[in-house]
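Peer 1: this is a predicted model, with the sequence first.
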Amino acid sequence: AGGRVTDVKLVSRETLGRARVDVVLSATGLYRDHFPNAMRQLARAASLAAQADEPDNPLFRNALAIAAGLAAKGLPPEAARRAGRTRIFSSESGRYGTGLDEAALATDTWKGKAEGDRKLASLYLARMQFAYGPDEAEWGRAGEGANLYAEHLRGTQGAVLSRTSNLYGMLTTDDPFQYLGGLALAVRHLDGKAPELYISNLRGAGAGRAEGAGAFLAKELATRNFHPGFVKGLMAEGYAGTLQVLDGINNFSGWQVVAREIVRDDQWQEFVEVYVRDKHRLGLRAWFERENPHALAQSIERMLEAARQGYWEADPAVVAELKARYRDLAQRFDVRTDNAAFAQFVDVPASRAGGYGLDAPAPAAAAQLAALPPLPAIRGQRLPRSPPPFPAPHRCSPRCSPPSSCRPRGAWAAPRARRAPSHPEARSQRRCKHSSKSRCTRSARSSSCPRCCSSSRSSSTRSGCSATSPCWRGAGGAGEGGCSSRVGGGIAA
């Protein structure tokens, strides 16, 4: 079919030459929406493999176990069997992301790693539990009575994310830690142990190798975020470059929270050396303070939050140095934080949630406001009366030639009392040969009338003559209607 995949078939165990591998697919919202044909073929392939009764087939065993568990909870047997064969999950239709992009940075909403793991894993499993199984009519539904995604993730030993372009790495966006890191977080929450994380490196010609996520991240940090050439490129971008620095540190912090197994303490220390202490002597301090001091302050906040929550075992002297640097930026550049726990940790005032004048004034300020004289009344600007923006009423005359000089179709005309027609063609209506009446009627729409409605071909509701209305030169010229009727003081064009 033109090189396109139209169907899948099961490869026999003998041809395969090994045991099958039970794979659960976590699809992004964009993949779900853009490639439903691929989702359909993958769902069918998983269903076929899950029905293959082979002694060493883990899909078959896991599908039966999950179906039995769901049936015991009251799910109908056939629905339980379809749920057992489901292997693709994504977010709810119309929603994108796992919710971890913002939640992983809200480090003030939990205390300690255990509480953070529990809250974030619950969020991830709730957002990604919508199934895309063998029955397409049931796509996008959450499991009944249980989180089906969580049931399929139990016992996961490894997770893989592919990278196909040098443009995007593990820290350029929040998607890698949302999906790969979120899956690792969920498995750690369910099983007590995180799976091994891998990157399928598909970059470049002849590529296609699996690398450990920790090693892949370390290589990216060394060649990008910590490399002086990369930092110089960011500095050349001015304000936008400061945001790239902040994004990289925020995404690194996201990895730390969801998949701390691949993040090392020395990498946090290197962020301090490169961006706070300026180890490459690039003038980063002056650059940040000139372009965007808040980006540096927020980067330091990420570092200190990792230390405060116990993710980074930082040297106390380094923590004290970062606190002092943050306080200096907060004082000189009016840096604020809405994280009350962090503000207390650094000993700076936290910004109140109200803001924008929504907070109630303090008693002393309220008394000062009450003592002020009342403000003068504000009057709006008076505008002069002007005539309506309509053209003056126009009536056809013998000088309206060619017809294009007459009023165009649909033009506005002020109501006026009907009076006897003065147009020569209107006066000639009494000699119209198409009617026995004294004036031309709507039956006189033939193009043979040389005196009135000479070439009118429009319907009687749009143009033409009337026995009770005088004839007027056409609303669009002879080629459009020839004439129009003045009905009730207006123009019926």
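Peer 2: Great, that's in hand.
Peer 1: how far away is the residue nearest the centre of the chain from residue 63?
Peer 2: Geometric centre of the chain, nearest residue: residue 96, 7.2 Å, by C-alpha atoms, centre = their mean. Distance from residue 96 to residue 63, counting by C-beta to C-beta, to the nearest Å: 29 Å. All C-beta spots, glycine's among them, are computed from the backbone N, C-alpha and C.
Peer 1: ok, residue 33 next?
Peer 2: For residue 33, the distance to residue 63 - C-beta to C-beta - is 27 Å.
Peer 1: more crowded one of the two?
Peer 2: Between residue 33 and residue 63, counting by other C-beta atoms under 10 Å, residue 63 is the more crowded of the two (27 against 14).
Peer 1: which residues touch that one?
Peer 2: Shown in contact with residue 63 (C-beta atoms under 8 Å, 6 or more residues apart in numbering): 50-51, 81, 84-85.
Peer 1: and it, what element?
Peer 2: Element membership of residue 63 [criterion: DSSP states H and E] is helix 58-72.
Peer 1: any stretches of the stretch 351-493 of the chain with poor pLDDT?
Peer 2: Filtered on pLDDT under 70, the stretch 351-493 of the chain yields the residue ranges 352-366, 369, 390-493.
Peer 1: mind listing what residue 267 touches?
Peer 2: 218, 221, 252.
Peer 1: same question for residue 247.
Peer 2: If you count contacts by C-beta under 8 Å, 6+ apart, then residue 247 has 171-172 around it.
Peer 1: mind checking the pLDDT average for the helix or strand hosting it?
Peer 2: Here residue 247 sits within helix 239-258, counting by DSSP H and E. For helix 239-258, mean pLDDT is 97.
Peer 1: buried sites along that helix?
Peer 2: Judged by neighbour count using 16 or more other C-beta atoms under 10 Å, the buried positions of helix 239-258 are 241-258.
Peer 1: cool, stretch 292-311 as well?
Peer 2: Going by 16+ other C-beta under 10 Å, stretch 292-311 has these buried residues: 292-309, 311.
Peer 1: do stretch 330-349 as well
Peer 2: Neighbour-count burial for stretch 330-349 [16+ other C-beta under 10 Å]: 330, 335, 337, 339, 341-343, 345-346, 348.
Peer 1: other residues contacting stretch 226-233?
Peer 2: If you take C-beta under 8 Å, 6+ apart as the criterion, stretch 226-233 is touched by 223-224, 241, 270-271, 274, 280, 282, 284.
Peer 1: got the residue ranges for the helices in the stretch 1-150 of the chain?
Peer 2: Counting by DSSP state H, counting those that start in this stretch, one finds helices in the stretch 1-150 of the chain at the ranges 13-16, 29-34, 36-50, 58-72, 77-84, 100-103, 112-127, 148-153.
Peer 1: rewinding a little: quick one: which of the contacts of stretch 226-233 is nearest residue 375?
Peer 2: Nearest to residue 375 among those, counting by C-beta to C-beta, is residue 241 at 45.5 Å.
Peer 1: ok, that closest one - contacts?
Peer 2: Shown in contact with residue 241 (C-beta under 8 Å, 6+ apart): 233-235, 291.
Peer 1: ok, of the residues you listed, which one's closest to residue 4?
Peer 2: residue 233 (41.1 Å).
Peer 1: what's the local residue count around the closest one?
Peer 2: Counted with other C-beta under 10 Å, residue 233 comes out at 13.
Peer 1: what residues sit buried inside the strand or helix carrying it?
Peer 2: According to DSSP H and E, residue 233 maps onto helix 228-236. Neighbour-count burial for helix 228-236, counted by 16+ other C-beta under 10 Å, picks out 231, 234-235.
Peer 1: and which of these is nearest residue 167?
Peer 2: Nearest to residue 167 among the buried residues of helix 228-236 is residue 234, at 15.1 Å by C-beta to C-beta.
Peer 1: once you drop chain neighbours, what's closest to the closest one?
Peer 2: Distances taken as C-beta to C-beta, 6 or more residues apart in numbering place residue 241 nearest to residue 234, at 3.5 Å, with adjacent residues excluded.
Peer 1: equivalent analysis for residue 330, please.
Peer 2: Among residues not flanking residue 330 along the chain, residue 348 sits closest, at 5.2 Å (C-beta to C-beta, 6+ apart).
Peer 1: roughly how far apart are the one you found and residue 317?
Peer 2: 20 Å.
Peer 1: which among the contacts of stretch 226-233 end up buried?
Peer 2: Counted by 16+ other C-beta under 10 Å, the contacts of stretch 226-233 give 224, 241, 270-271, 274, 280, 282, 284 as buried.
Peer 1: I figured the residue nearest to the centre of the chain hits residue 29, correct?
Peer 2: Yes. At 3.6 Å, residue 96 counts as touching residue 29 under the criterion of C-beta atoms under 8 Å.
Peer 1: what is the neighbour count of residue 211?
Peer 2: Neighbour number of residue 211 under other C-beta under 10 Å is 14.
Peer 1: got the CA positions of the host helix or strand of it in PDB?
Peer 2: Residue 211 is part of strand 209-212, with elements assigned from DSSP H and E. Output in PDB follows, covering the C-alpha atoms of strand 209-212 (Å, rounded to 0.1, in the frame of the first residue of the first chain):
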ATOM      1  CA  ARG A 209      22.500   2.400  20.400                       C
ATOM      2  CA  ALA A 210      21.200   2.300  24.000                       C
ATOM      3  CA  GLU A 211      23.000   4.400  26.600                       C
ATOM      4  CA  GLY A 212      22.400   4.800  30.300                       C
END
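Peer 1: that one - contacts with which helices or strands?
Peer 2: When contacts are defined as 3 or more C-beta pairs under 8 Å, 6 or more residues apart in numbering; DSSP states H and E, strand 209-212 packs onto strand 196-201.
Peer 1: what residues sit buried inside the strand it packs on?
Peer 2: 197-199.
Peer 1: same thing with stretch 203-218?
Peer 2: 203, 213-214, 216-218.
Peer 1: narrow the residues you listed to those in strands?
Peer 2: Applying DSSP state E to the buried residues of stretch 203-218, no entry is found in strands.
Peer 1: what's the neighbour count on residue 8?
Peer 2: The burial count for residue 8: 16, using other C-beta under 10 Å.
Peer 1: I meant residue 266, not that one.
Peer 2: 8.
Peer 1: what's the following helix or strand after whatever helix or strand it lives in?
Peer 2: In the assignment (DSSP H and E), residue 266 maps to helix 265-271. Past helix 265-271, heading to the C-terminal end, the next element that is a helix or strand (DSSP H and E) is helix 284-291.
Peer 1: can you tell me what sits against that following helix?
Peer 2: 231, 235, 238-239, 241-242, 274-275, 278, 295-296, 333.
Peer 1: JSON lines for these, including distance to residue 38?
Peer 2: Output for those, formatted as JSON lines (distance: C-beta to C-beta, whole Å):
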{"residue": "231", "distance to residue 38": "39"}
{"residue": "235", "distance to residue 38": "42"}
{"residue": "238", "distance to residue 38": "41"}
{"residue": "239", "distance to residue 38": "40"}
{"residue": "241", "distance to residue 38": "37"}
{"residue": "242", "distance to residue 38": "39"}
{"residue": "274", "distance to residue 38": "41"}
{"residue": "275", "distance to residue 38": "41"}
{"residue": "278", "distance to residue 38": "47"}
{"residue": "295", "distance to residue 38": "39"}
{"residue": "296", "distance to residue 38": "43"}
{"residue": "333", "distance to residue 38": "49"}
